[in-house]
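Student: Here is my input, please return the structure:
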Amino acid sequence: MRLPCLTVLCGLGFVPVASSLVAQDELPPQIKAGKVCVATVGNASTTPALVERLTERLTKGLKENKIDAVTMDSPTADKHPLELSIKNGEEAKEKGCDYILLSQIRDPRQHPLEPQVPEISIGGRVPSVDASDPLGGASAAVYRENLQVDFALFKVGRFKPVLDTYVLERPSGHVSESFLPAMDHEANRVGHELKKH
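Tutor: Reported below is the predicted structural model:
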């Protein structure tokens, strides 16, 4: 009499296990917010910057935030506020992107007529005392002004950005290291925005 009862229980026991395995297979491995095309970072300042390296860092940062991202050949235009170019739009369609990310390094001092965002500074500017800094180090202190990295995220087919903001960054003495932290902050901010959609 007990044997048929055990068979029924075993049969029922397999049903939840099988359904949970199917449910796990259906979970996406990353956020399905859409594919982001990252335009080459533009440099509208007089400070040197390795824009290709910055663009690669930005794309890598987005991928680390589980965002499907790809680097574009077309650059961010020098215009301000940031606007999509025809090349940006065409390349994004070719690559099957849902969003386009534009980024531009700017020096607010070069645009005195634009509204300035007050910068919080305690004790004035901090000098560069990096010994490897060709302009600073032990022999002399160099005061570096903050630059801003403007960035805007556009949904393909729309002219109004989903996100339009900036981060402040003080360039380092080495061009190869300048603005890398700003790219990381930008990637985190864009990733956060896309996770809301």
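Student: Now do the contacts for the residue lying closest to residue 99 once chain neighbours are set aside.
Tutor: Excluding its sequence neighbours, the residue lying closest to residue 99 (CB to CB, 6 or more residues apart in numbering) is residue 36, at 4.6 Å. C-beta coordinates here come from the backbone N, C-alpha and C atoms, glycine included. Residue 36 makes contact with 62, 67-70, 97-101, 153, 190, 194, according to CB atoms under 8 Å, 6 or more residues apart in numbering.
Student: Helices of the chain, residue ranges please.
Tutor: For the chain, the helices defined by DSSP state H occupy 2-25, 51-64, 86-94, 180-196.
Student: Give the buried residues for the second one.
Tutor: Okay, so that is helix 51-64. 51, 53, 54, 55, 56, 57, 58, 59, 60, 61, 62, 63 (16 or more other CB atoms under 10 Å).
Student: now the angle from it to helix 180-196?
Tutor: 40 degrees (axes from the mean of the first three to the mean of the last three CA atoms, to 10 degrees).
Student: Kindly provide the whole-number mean pLDDT of helix 51-64.
Tutor: Across helix 51-64, the average pLDDT comes to 98.
Student: Show me what that helix is in contact with.
Tutor: Helix 51-64 has contacts (CB under 8 Å, 6+ apart) with 36, 38-43, 69-71, 75, 101, 103, 176, 179-180, 183-184, 186-188, 190-191.
Student: Can I get it as PDB, trimmed to CA atoms?
Tutor: Taking Å, rounded to 0.1, in the frame of the first residue of the first chain, the C-alpha atoms of helix 51-64 are listed here in PDB:
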ATOM      1  CA  VAL A  51      40.300  60.500 -27.000                       C
ATOM      2  CA  GLU A  52      40.500  56.900 -28.400                       C
ATOM      3  CA  ARG A  53      41.700  55.600 -25.100                       C
ATOM      4  CA  LEU A  54      39.000  57.500 -23.200                       C
ATOM      5  CA  THR A  55      36.300  56.100 -25.600                       C
ATOM      6  CA  GLU A  56      37.600  52.600 -25.000                       C
ATOM      7  CA  ARG A  57      37.600  53.100 -21.200                       C
ATOM      8  CA  LEU A  58      34.000  54.400 -21.400                       C
ATOM      9  CA  THR A  59      32.800  51.400 -23.500                       C
ATOM     10  CA  LYS A  60      34.500  49.000 -21.100                       C
ATOM     11  CA  GLY A  61      32.900  50.800 -18.100                       C
ATOM     12  CA  LEU A  62      29.500  50.400 -19.600                       C
ATOM     13  CA  LYS A  63      30.100  46.700 -20.200                       C
ATOM     14  CA  GLU A  64      31.200  46.300 -16.600                       C
END
